[in-house]
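*Asks:* Turn this into a model:
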Amino acid sequence: MRTLHLFPGQGDFELRVLRDWLATRSTARDLAAEVFAAVDRAAAEAGLPAIGPIALGTEPPDGRESVDGPPGAHQLALFGACLTVHRAAAASGRAPDRLLGVSFGEVGALTAAGVFGLTDGARVAAEVGRLLPRDGGLTWIGAGEAAVREFLDEPDVVIACVNSRTECILAGPAPALERVAKLATSHGLPAVRVQVPFYAHHPALIPAAAALAAFVRDLPCHPPKLPVYSAAHLRTYQHPSAVPELLGECLTRPVRLPKALRLASGNRQAVLLEAGTGSALGRSARQVLPTATVLSLPELGSTP
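*Replies:* Numbers count the residues shown, from 1 in each chain. Okay, here's the model as predicted:
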């Protein structure tokens, strides 16, 4: 049975969950210290405060405070958390056969596969945070893609992520998102603003995509040690020379999670581990692959 590690995007992240999980697991704490040492090297280069003392301290900030930090801080914290969970899972007997990167999670998945070294992966994570526009956001809609397209009439708002047959994420400027949310509510559909002040998977980010590709092009990229599936490209990363452009394009292309999950799992029974602190990605995976075994951080805590 295949084991997939799923690297999530930025909308479902809480440092306190990581702290509570690490509190009783000394091996995982050692791995976290190694990961966040690399994160803090990248933070120092980017002019950001050290993330490790915040993430691994006794009183880390809640999710909102993490998001509201300087651009790049939230991304570095999430990157560090995901790589910690991935490495701890592998060390406890749940090493992956394949990796799936979802949105920002593509950076972590590529790092886990050895395409980037740990510090270089953190550098990319910080750069993504710097490039994301902070004049808008994301809104969760409790409806599938076809239903959303029936009422979506804001040209600046796009379907950024298709999570399942009953969930989508919209991206765009804040005023337009507010109008779309009201329209969705008038159609009897739930609409909830995702608690992040930035957005991605939008054509307005074409210049940012080019800038990210240029940044990555200056870093060493290695062949992946494991297959890395992209939820934006619906394919695996293969030749290292293609990584900069493909990763940059993730800022503009929509995520199609159901297709990506089926592709990465081969439509076979699989164990899926959400390599993060949340459960939203796992919840979507259960809808798409009902026969899969889906684990999140609490379930990982029960492993030896």
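*Asks:* On the three-state scheme, residue 50 is what?
*Replies:* Following DSSP: H, G, I helix; E, B strand; the rest coil, residue 50 is assigned to coil.
*Asks:* Can you tell me the closest non-neighbouring residue to it?
*Replies:* residue 40 (4.6 Å; CB to CB, 6 or more residues apart in numbering). Glycine gets a C-beta too; all of them are placed from N, C-alpha and C.
*Asks:* any idea how far the helix or strand hosting the one you found is from the chain center?
*Replies:* According to DSSP states H and E, residue 40 maps onto helix 26-45. In this view, helix 26-45 has its centroid 18 Å away from the chain centroid, taken as CA atoms, centre = their mean, to the nearest Å.
*Asks:* Buried residues in that helix, which are they?
*Replies:* Residues of helix 26-45 classed as buried: 28-29, 31-32, 35-36, 38-40, 42-43 (neighbour count, 16 or more other CB atoms under 10 Å).
*Asks:* domains for this structure, by residue range?
*Replies:* Following automatic domain parsing, one gets these domains for the chain: 2-132+201-300, 136-193.
*Asks:* quick one, which of those is packed in tightest?
*Replies:* domain 2-132+201-300 (a mean of 21; mean count of other CB atoms under 10 Å).
*Asks:* The strand or helix carrying residue 271 - contacts with which helices or strands?
*Replies:* Under the criterion of DSSP H and E, residue 271 resides in strand 270-274. Applying 3 or more CB pairs under 8 Å, 6 or more residues apart in numbering; DSSP states H and E, one finds that strand 270-274 contacts strand 2-7, helix 280-288, strand 293-295.
*Asks:* And for the last one, what's in contact with it?
*Replies:* Pointing back at strand 293-295 there. 94, 269-274, 282, 285-286 (CB atoms under 8 Å, 6 or more residues apart in numbering).
*Asks:* Next, format the buried residues of helix 26-45 as TSV and append distance to residue 143 and pLDDT.
*Replies:* Formatted as TSV, the buried residues of helix 26-45 follow (distance: CB to CB, whole Å; pLDDT from 0 to 100):
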residue	distance to residue 143	pLDDT
28	38	91
29	41	92
31	39	95
32	38	96
35	37	98
36	38	97
38	40	98
39	37	97
40	41	97
42	38	98
43	39	96
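*Asks:* Export those as CSV, with columns for distance to residue 83.
*Replies:* As requested, the buried residues of helix 26-45 are arranged in CSV below (distance: CB to CB, whole Å):
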residue, distance to residue 83
28, 12
29, 14
31, 9
32, 9
35, 5
36, 9
38, 8
39, 8
40, 13
42, 12
43, 14
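*Asks:* and which of these is nearest residue 258?
*Replies:* Using CB to CB, residue 35 is the member of these that lies nearest residue 258, at 30.2 Å.
*Asks:* where does the protein dip in pLDDT?
*Replies:* Applying pLDDT under 70 to the chain flags residues 60-68, 301-304.
*Asks:* The same query, at a cut-off of 50, please.
*Replies:* Under the criterion pLDDT under 50, the flagged ranges of the chain are 302-304.
*Asks:* picking up where we left off before, show me the one of the helices and strands packed on strand 270-274 that comes nearest residue 210.
*Replies:* The nearest among the helices and strands packed on strand 270-274, by CB to CB, is strand 2-7 at 23.5 Å.
*Asks:* show me where this protein has helices.
*Replies:* 15-22, 26-45, 52-55, 63-67, 73-91, 105-112, 118-131, 145-151, 174-186, 206-217, 243-249, 257-265, 280-288, 297-300 (DSSP state H).
*Asks:* Looking at these, which is nearest to residue 137?
*Replies:* Of the helices of the chain, the one closest to residue 137 (CB to CB) turns out to be helix 174-186, at 5.9 Å.
*Asks:* rewinding a little: which helices and strands does the helix holding residue 40 pack with?
*Replies:* helix 15-22, helix 52-55, helix 73-91, helix 118-131.
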